[in-house]
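1. coords please:
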Amino acid sequence: MLTPTLRDGVQWVGAIDWERRLFDELIPLPDGTTYNAYLVRGSEKAALLDTVDPPFGQQLLDRLDQLGVKRLDYAVAHHAEQDHSGSLPAVLARYPEARVVCSPKAKNMLIDLLGIAEDRFQTVDDGATIALGGKTLRFIHYPWVHWPETMLSYLEEERLLFSCDLFGSHLAVGDPLTADDSAVLPAAKRYFAEIMMPFRTPIEKNFGKVTGLSIDQILPSHGPIHRHPKTIVDAYRDWVSGPPKNQAVIAFASMHDSTRRMARYLSEALIGRGVGVDLFGLAGADLGHLATALVDAATIVLGSPIVSAGPHPLVGYAAMLANVLKPKARYAAVIGSFGWGGKLPEQIAALLPNLKLELLEPVVIKGAPKAADLAALDRLAEAIAQKHAALASA
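-> Model (predicted):
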């Protein structure tokens with residue numbers, strides 16, 4: 001079985017899930033994912049860093065058997081979510097001497113989720129270390145990436161950062177240790193958008209714990225490792241705290257083509273004024289792509305017909321998604337069409353309470369767009385272009 005070696009005494013023992021297409025019955029996985037687990041052996045003790053999703057638990061045990069692991073001293077649980085921790089009961093049954101090393105908050109969560117006996121735990125404080133014999137694991141509490149109990153591990157002698165979900169990606173590849181950075185970065189951005197973006201503030205607050213380390217490689221719990229850490233660290237710094245870009249996201253639904261025509265017209269009007277555009281027809285859009293586009297956008301435009309006196313359900317879902325993800329956009333606008341009435345701008349704005357957005361003048365028309373309506377879209381495009389220009393010069 002595949003057990004690639006990173007360094008002497010450090011090996012990957014995880015699982016590659018080529019076929020999974022949905023995570024948490026919510027997040028699309030067009031490229032599958034990996035559940036990365038790592039075995040670290042010093043001259044005296046051995047530690048397993050994370051486990052795998054339960055359907056792959058036997059694979060994990062088989063890899064450990066193949067490597068001749070007769071005794072396991074520690075099973076480090078960086079994160080209690082079951083795609084990381086779900087095979088812990090099987091590991092603890094195989095290695096009765098192993099102690100579960102985790103943050104204090106993770107202990108109670110693992111007891112609740114997996115029924116692990118309390119006497120199997122060894123909780124560690126932020127900055128605590130465990131010596132394995134020539135190899136030292138230092139534990140770094142990093143709450144809210146993306147659960148409150150998360151921690152990372154730093155292998156001091158090898159300068160390896162085991163980063164849990166931070167810097168991860170949902171990407172199945174044949175060898176997680178050798179994937180090309182150019183393939184990993186887009187997947188990591190999508191992962192950030194879908195999972196980490198709501199937690200930009202705690203990520204930024206604790207970022208110094210990572211940037212203050214001397215790191216040769218970053219080993220996340222999902223996706224390929226980062227052999228050039230600066231690339232992903234710089235990208236995260238931009239995604240977390242960099243200013244929004246000169247980019248607008250237009251997401252729309254259209255029943256009888258009026259809103260579609262408006263969205264397409266506005267997109268060209270913006271492009272003609274030097275504004276980048278990502279246009280999503282929500283009936284067939286990959287919501288992961290929409291989330292990724294929201295990472296950089298300065299403006300969000302939602303386009304909808306009125307359906308039973310309210311926005312189209314697909315547009316309502318897109319608004320709720322943006323509200324949950326909390327992108328750093330500064331401006332929003334509503335466009336759409338109605339037949340006999342409704343309060344579309346107010347209803348859509350009410351779905352975005354978490355976002356600190358300046359609402360621009362809406363363009364909501366009756367029936368199909370006419371010359372005066374297209375002129376109103378031109379004015380909206382001009383207003384967006386001017387807002388973006390002011391951001392760039394600030």
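
2. Show me what counts as buried in stretch 275-294.
-> Within stretch 275-294, the residues that count as buried by 16 or more other CB atoms under 10 Å are 275-282, 285, 287-288, 290-294. All C-beta spots, glycine's among them, are computed from the backbone N, C-alpha and C.

3. Likewise for stretch 332-350?
-> Buried-residue list, stretch 332-350, by 16+ other CB under 10 Å: 332-338, 342, 344-345, 347-349.

4. Go through those and flag which are in helices.
-> Judged by DSSP state H, the subset of the buried residues of stretch 332-350 located in helices is Leu344, Pro345, Gln347, Ile348, Ala349.

5. Return the alpha-carbon coordinates of the helix or strand encompassing Ile218 using CSV.
-> Element membership for Ile218, per DSSP states H and E: strand 217-220. The C-alpha coordinates for strand 217-220 follow below in CSV (Å, rounded to 0.1, in the frame of the first residue of the first chain):
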residue,chain,number,x,y,z
GLN,A,217,6.6,22.1,4.2
ILE,A,218,2.9,22.5,5.2
LEU,A,219,0.9,19.2,5.6
PRO,A,220,-2.8,19.9,5.8
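
6. Which single one of the ones in helices among the buried residues of stretch 332-350 is nearest to Pro369?
-> Pro369 has its nearest neighbour among those in Leu344, at 14.9 Å by CB to CB.

7. so where do the helices sit in the stretch 251-394 of the chain?
-> 258-272, 287-294, 313-325, 344-349, 371-393 (DSSP state H, counting those that start in this stretch).

8. now these in CSV, with distance to Lys230 and mean pLDDT?
-> Output for those, formatted as CSV (distance: least, CB to CB, whole Å; pLDDT from 0 to 100):
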stretch, distance to Lys230, mean pLDDT
helix 258-272, 33, 98
helix 287-294, 21, 96
helix 313-325, 26, 97
helix 344-349, 40, 94
helix 371-393, 26, 97
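
9. Please convert the ones you listed to TSV, extending it with distance to Leu355.
-> What follows is the helices of the stretch 251-394 of the chain, written out as TSV (distance: least, CB to CB, whole Å):
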stretch	distance to Leu355
helix 258-272	20
helix 287-294	10
helix 313-325	6
helix 344-349	10
helix 371-393	15
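
10. what's next to stretch 217-225, contact-wise?
-> Stretch 217-225 is contacted from outside by 6, 33-36, 38, 50, 78-79, 83-84, 159-171, 173, 176-179, 183-184, 187-188, 191, 226-227, 229, 232-233, using CB atoms under 8 Å, 6 or more residues apart in numbering.

11. Stretch 371-381: which residues count as buried?
-> By 16+ other CB under 10 Å, the buried positions in stretch 371-381 come out as Asp373, Leu374, Ala376, Leu377, Asp378, Leu380, Ala381.

12. ugh, wrong one, stretch 166-185
-> Using 16+ other CB under 10 Å as the test for burial, stretch 166-185 gives Leu166, Phe167, Gly168, Ser169, His170, Leu171, Ala172, Val173, Pro176, Leu177, Ala179, Val184.

13. OK, contacts around the first one?
-> To tie it back to what came earlier, the one meant is Leu166. Contacts here follow CB under 8 Å, 6+ apart; on that basis Leu166 touches Tyr142, Val145, Thr150, Leu152, Met196, Ile203, Val210, Pro220, Tyr236.

14. same check, this time on the fourth one
-> For Ser169, the contacting residues are Val184, Ala187, Ala188, Arg190, Tyr191, Pro220, His222, Gly223, Pro224, by CB under 8 Å, 6+ apart.

15. now do the second one
-> Phe167 sits next to Ala188, Ile218, Pro220, His226, Ile232, Val233, Tyr236 when contact means CB under 8 Å, 6+ apart.

16. need the contact list for Lys356.
-> Shown in contact with Lys356 (CB under 8 Å, 6+ apart): Arg330.

17. Ramachandran angles for it?
-> Main-chain torsions, Lys356, degrees, to the nearest 10: phi -90, psi 80.

18. for Ala285, same thing?
-> Torsion angles, degrees, to the nearest 10, at Ala285: phi -80, psi 150.

19. quick one: it and Leu171, what's the gap?
-> 21 Å (CB to CB, to the nearest Å).

20. same question, Asn108
-> With CB to CB as the criterion, Asn108 and Leu171 are 32 Å apart.

21. from what I can see Met262 touches Pro362, true?
-> No. Counting by CB atoms under 8 Å, Met262 does not reach Pro362; the two are 11.2 Å apart.

22. Going by how many neighbours each has, rank these two and give me the top one.
-> Ranked by neighbour count (other CB atoms under 10 Å), Met262 and Pro362 place Met262 first, with 28 against 20.

23. Next up, the contacts around that one.
-> The neighbours of Met262, taking CB under 8 Å, 6+ apart as the test, are Phe252, Gly303, Ile335, Gly336, Ser337, Val363, Ile365, Pro369, Asp373, Leu377.

24. 10 Å - rerun?
-> With contact taken as CB atoms under 10 Å, 6 or more residues apart in numbering, Met262 is in contact with 250, 252, 254, 301, 303, 335-337, 363-365, 368-369, 373-374, 376-377, 380.

25. again, but for Ile300
-> Neighbours of Ile300 in contact, by CB under 10 Å, 6+ apart: 248-251, 293-294, 318-319, 322, 327, 329-334, 352, 355, 357.

26. how about a cut-off of 6 Å?
-> Residues near Ile300 by CB atoms under 6 Å, 6 or more residues apart in numbering: Val249, Ala329, Ala332.

27. Do a quick rundown of the helices in the stretch 1-150 of the chain.
-> Using DSSP H, counting those that start in this stretch, helices in the stretch 1-150 of the chain cover 57-66, 82-85, 88-94, 104-114.

28. Pick the one among the buried residues of stretch 371-381 closest to Arg63.
-> Closest to Arg63, out of all of those and judged by CB to CB, is Ala381, at 55.8 Å.

29. Count residues in the vicinity of Pro148, would you?
-> The burial count for Pro148: 13, using other CB under 10 Å.
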